[in-house]
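1. requesting a structural model of the entry that follows:
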Amino acid sequence: MGHSHEVGSAAGRHRWRLAVTFALVAVFFVVELSAGLLSGSLALISDAGHMAADVTTLGAALIATRLATRKDSTGRRTFGSYRAEVFASGLAVLMMIGVGVYIGVEAVGRIGTAPALATRMMLVVGVLGLIVNLVSIVLLRAGAGESLNLKGAYFEVIADTVGSVGVIVAGLMVSWTGNAWWDTGIALAIALFVVVRAVALGREVLAVLGQHAPEGMEPAELTDALMAVTGVSEVHDLHVWRLTSGMDVATAHLVTSPEASAGAVLADASTTLRDRFQIAHATLQIEAAGDGDCHGADW
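-> The predicted structure follows:
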C-alpha cells in the first residue's frame, strides 16, 4: 500500500488578494443593497443579490485556505475540512436562486405600475460597483492562473462587472426615457443570468458531493495510463473523485508481473497520476500476480 501527496500552496500565497477583494465586495454589497431598497431599483437589488453570493464564494475561498492547514484535533476528520468550500458553494447556490425568484415576483408585482426611481442614486452606485469590480479583477488576475480557488473568485467578479454595467444602463435609460420598465427588464436579465450560473454551480456541487469523477477526467484514461506503467499487468478497483476545488483523489489496485519491483511500480504509477492527471492524493495497492483473490470493493 502506498500513497502520493502534493500540497498546493498557491492559494495560500495569494490569500491576501482574496482577503482584500472580500472586504471590498462585502462593503459594497451593504451599500448596493441599501441603495436598492432606498431607490426602489430592482436592478440594484438583483445585482446586490449576486454580490451576496460572491461574498459567500470569496469567504468560502478564504476559509478553505485557512482550513487546509488546520490540523484535526479529533482524529475523526480523516479528509480534513476541505469540503467546507463545497458546502459554502451550496449555500451560495440557494442564495442566488432565492434572489432570482424574489426579483421575478417583484417584477410581476410591478406590472401596470410606474414606480418612482432615484436614477441618480442608481448611476452613482452602479459606477462605484464597476470601480470595485475592476479593482478586484486586477487583484485576483495575478493568482487566477495558479489557484482554482482564485480562478473561481476571478470569474465571479467578472460576472459582477456585467451586473454593474447593467445597473448603469438601467439608470441611464430610465433617466432618458422616464420609463421604469427599463429597470425591471434589466433586473430580470440580471436575475436570469444569476439563476443560470446558480444552476451550473449547483451541478458542480452535486457532482463533488456525489463523488463523481472530476469534470474532464475519464476513469478509462487513468486505467490505460496505469496499465502503461512498466510492470503493471492489471488495474482494478479504480476510483477517482474530487474532494474540493483543485484537490482530486484516486485509489486503485495494481497487479504486477512476477519480475516487477513493487517499489518501482508504485513510484512510477504515483508520478503518472500526479504529472498527467494532477491527482493531488493517490492511494495505490500493489498486488503480485498469483497472490489469490483480491478482497477489494465490489462497487
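
2. the helix or strand that Leu134 is a member of packs against which elements?
-> If you go by DSSP states H and E, Leu134 is part of helix 119-144. Judged by 3 or more CB pairs under 8 Å, 6 or more residues apart in numbering; DSSP states H and E, helix 119-144 is in contact with helix 10-13, helix 15-39, helix 42-67, helix 148-177. Every residue, glycine included, has its C-beta placed from N, CA and C.

3. okay, those in TSV with distance to Val265 next?
-> As requested, the helices and strands packed on helix 119-144 are arranged in TSV below (distance: least, CB to CB, whole Å):
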stretch	distance to Val265
helix 10-13	30
helix 15-39	38
helix 42-67	34
helix 148-177	30
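
4. what's the closest of the ones you listed to Val135?
-> Val135 lies closest, by CB to CB, to one member of the helices and strands packed on helix 119-144: helix 15-39, at 6.5 Å.

5. show me what that closest one is packed against.
-> Looks like helix 15-39 contacts helix 42-67, helix 119-144, helix 148-177 (3+ CB pairs under 8 Å, 6+ apart).

6. columns mean neighbour count on top of the ones you listed, output as a markdown table?
-> A markdown table is the format used below for the helices and strands packed on helix 15-39 (neighbours: other CB atoms under 10 Å):
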| stretch | mean neighbour count |
| --- | --- |
| helix 42-67 | 25 |
| helix 119-144 | 19 |
| helix 148-177 | 21 |
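
7. in TSV, list these along with mean pLDDT and distance to Phe28.
-> Formatted as TSV, the helices and strands packed on helix 15-39 follow (pLDDT from 0 to 100; distance: least, CB to CB, whole Å):
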stretch	mean pLDDT	distance to Phe28
helix 42-67	79	7
helix 119-144	85	5
helix 148-177	77	9
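
8. can I get those in TSV including distance to Ala189?
-> Converted to TSV, those look like this (distance: least, CB to CB, whole Å):
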stretch	distance to Ala189
helix 42-67	9
helix 119-144	15
helix 148-177	7
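
9. to Tyr82, which of these lies closest?
-> helix 42-67 (6.9 Å).

10. need the distance between the two termini of stretch 107-127.
-> Stretch 107-127 has an end-to-end distance of 24 Å (CA to CA, to the nearest Å).

11. just to revisit the earlier point, Gln278: which of the helices and strands packed on helix 15-39 is closest?
-> Nearest to Gln278, of the helices and strands packed on helix 15-39 and by CB to CB, is helix 148-177 at 10.2 Å.
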